[in-house]
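The amino acid sequence is not available; the structure is as follows:
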């Protein structure tokens, strides 16, 4: 049975839910983008994410190989999730757990990811 997590950008224009059995371990990537943003990412099938508000307002940033559509709110600048594909081609979402409500970040195990080497 999956838990339902609520999330949003800082200003609340974008609101979403994530249905997931667990959030961690979360990826702490050292690529130029993730390091600057401070992302802690939890990966799930795309269908686990439901955007309740603001999806049409989100802006998209891509870089490097342009394989992940990093979504962010142009009003407050928060980047709650990115959309991409798993190695097997299935659609996935990388949720920035820092944008989820009521999460004890210190309790989530973290996996270092050497994104600089990709």
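Sure, I can see it. Predicted model, so just to flag it, every value in this text is computed and none were measured.

buried residues in the worst-scoring helix or strand of the chain on mean pLDDT?
Using mean pLDDT, DSSP states H and E, helix 32-37 stands out as the lowest-scoring helix or strand of the chain, at a mean of 86. Buried residues in helix 32-37, counting neighbours by 16 or more other Cβ atoms under 10 Å, are found at 33-34, 37. From N, CA and C alone the C-beta is placed, and that goes for glycine too.

One more: stretch 63-76?
68, 70-73.

what number of residues lie near the closest residue to residue 47 other than its chain neighbours?
Among residues not flanking residue 47 along the chain, residue 91 sits closest, at 7.8 Å (Cβ to Cβ, 6 or more residues apart in numbering). Residue 91 has 12 neighbours, counted by other Cβ atoms under 10 Å.

in which helix or strand would I find the spatially most central residue of the chain?
The centroid of the chain falls nearest to residue 95 when counting by Cα atoms, centre = their mean (2.1 Å). Using DSSP states H and E, residue 95 maps to strand 91-96.

partners of that strand in the sheet?
Paired with strand 91-96 in the same sheet, following DSSP bridges, are strand 41-45 (antiparallel), strand 81-85 (antiparallel).
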